[in-house]
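K.L.:
Structure here, sequence nowhere to be found:
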């Protein structure tokens, strides 16, 4: 809660949160809020400019651009969430385990991470979709595996900095289990770092999802995504030179908001608590006293 209060004091965090909430609403309710059917074609109205009936105009098949952008938000956001979720599971758990399970597991996991770090995101995703078939889940699984090394190294570094602290050693001498130490002492210190990395990874994943969709990978037509809409608009620049601006701005706004929120969380975690230290409950004071006496 202290980190949340410190983060919320930053104006950039409030603006970023507003943008992220707006994108989340579009991701969930975009198709329902769209003024037109995003898949309905009207060749007679193709490549029309903005007007009363179509606020952002129509594409080369006469589909409403605003409706397609609103409906395509869900696929873009879900793809980024899938990739980051896979990266979290494949990176955080082994990163914590490498601190506690001995040098063999540490060496093997570190070598796997080093190998994954050499692979470029988009090229690896293209290769995986070429072998396993085109699909959003397949492409995001590939991206998630390449995000896992980032989570592994960040989590491992944060856990190592806490594993040798005095209160962890006191808990070990008192007979506390590794799970209890991890849950009570380590996780609370590691979680802010993981939160910052998650926000940054979401921004990177959103850009990667859009890049793959731009190349025609990851999402099968006619499902709209921001990257696919941007790609189709570039074909008709001579007729609608302004058309790529809106999907490009959406992608840029989403990535910028996530990066700004990550910076605010990092600064909030490092900022002192302006409300002052809160007194510990009597039971918690006794617990820490018991652990210190057991260590002595």
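P.N.:
The structure has been received and is ready for your questions. Every value quoted in this text rests on a predicted model; they were computed, and no experiment measured them.
K.L.:
I figured residue 150 hits residue 88, correct?
P.N.:
No - proximity of residue 150 to residue 88 does not meet the contact threshold set by C-beta atoms under 8 Å, at 10.2 Å. Heads up, the C-betas are built off the backbone N, CA and C, glycines and all.
K.L.:
Common neighbours of the two, please.
P.N.:
Common neighbours of residue 150 and residue 88 are not found (criterion: C-beta atoms under 8 Å, 6 or more residues apart in numbering).
K.L.:
residue nearest the centroid of the chain?
P.N.:
For the chain, the residue whose C-alpha lies nearest the mean C-alpha position (C-alpha atoms, centre = their mean) is residue 202; its distance is 2.2 Å.
K.L.:
which residues sit in contact with that residue?
P.N.:
Contact analysis of residue 202 by C-beta under 8 Å, 6+ apart lists 80-81, 84, 258.
K.L.:
ok, now residue 114?
P.N.:
residue 149.
K.L.:
Then residue 135?
P.N.:
Counting by C-beta under 8 Å, 6+ apart, residue 135 has contacts 129, 218, 220.
K.L.:
What residues sit buried inside the host helix or strand of residue 70?
P.N.:
Element membership of residue 70, judged by DSSP states H and E, is helix 65-100. Across helix 65-100, burial judged by 16 or more other C-beta atoms under 10 Å covers 65-84, 86-88, 90-92, 94-99.
K.L.:
how about the contacts of residue 202, which pair is most distant?
P.N.:
Within the contacts of residue 202, two members stand farthest from each other by C-beta to C-beta: 81 and 258, at 11.6 Å.
K.L.:
wait, doesn't residue 27 sit right on residue 72?
P.N.:
No - under the contact definition of C-beta under 8 Å, residue 27 does not touch residue 72, with a separation of 9.6 Å.
K.L.:
Looks like residue 239 contacts residue 49 (just checking).
P.N.:
No - in terms of C-beta under 8 Å, residue 239 does not count as a neighbour of residue 49; the distance is 9.4 Å.
K.L.:
what stretches of this protein score poorly on pLDDT?
P.N.:
Using pLDDT under 70 as the threshold, the predicted model of the chain has low-confidence ranges 1, 272-296.
K.L.:
And the helices in it?
P.N.:
With DSSP state H as the definition, the chain shows helices at residue ranges 2-8, 11-33, 65-100, 103-117, 121-132, 136-163, 166-173, 178-181, 187-214, 226-234, 245-270, 282-295.
K.L.:
by contact count, what packs against the fifth one?
P.N.:
If contacts are counted by 3 or more C-beta pairs under 8 Å, 6 or more residues apart in numbering; DSSP states H and E, helix 121-132 sits against helix 136-163, helix 187-214.
K.L.:
could you redo those helices as a markdown table and give each row distance to residue 178?
P.N.:
Compiled in a markdown table, these are given as follows (distance: least, C-beta to C-beta, whole Å):
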| stretch | distance to residue 178 |
| --- | --- |
| helix 136-163 | 10 |
| helix 187-214 | 12 |
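K.L.:
mind checking which of these is nearest residue 54?
P.N.:
Residue 54 lies closest, by C-beta to C-beta, to one member of the helices and strands packed on helix 121-132: helix 187-214, at 22.2 Å.
K.L.:
how about the closest one: buried residues?
P.N.:
Of the residues in helix 187-214, those with enough neighbours to count as buried (16+ other C-beta under 10 Å) are 190, 192-214.
K.L.:
And for stretch 115-126?
P.N.:
Those buried within stretch 115-126 under the rule 16+ other C-beta under 10 Å are 116, 121-122, 124-126.
K.L.:
out of the residues you listed, who's nearest residue 145?
P.N.:
residue 116 (6.5 Å).
K.L.:
Look up how far residue 183 lies from that closest one.
P.N.:
Here the distance between residue 116 and residue 183 works out to 28 Å (C-beta to C-beta, to the nearest Å).
K.L.:
And for residue 124?
P.N.:
Taken as C-beta to C-beta, the spacing of residue 124 relative to residue 183 amounts to 35 Å.
K.L.:
Check residue 102 too.
P.N.:
Residue 102 is 20 Å from residue 183, by C-beta to C-beta.
K.L.:
Residue 59 now?
P.N.:
Using C-beta to C-beta, we find residue 59 at a distance of 52 Å from residue 183.
K.L.:
which of these two has more neighbours?
P.N.:
The neighbour comparison of residue 59 against residue 183 (other C-beta atoms under 10 Å) goes to residue 59, with 24 against 11.
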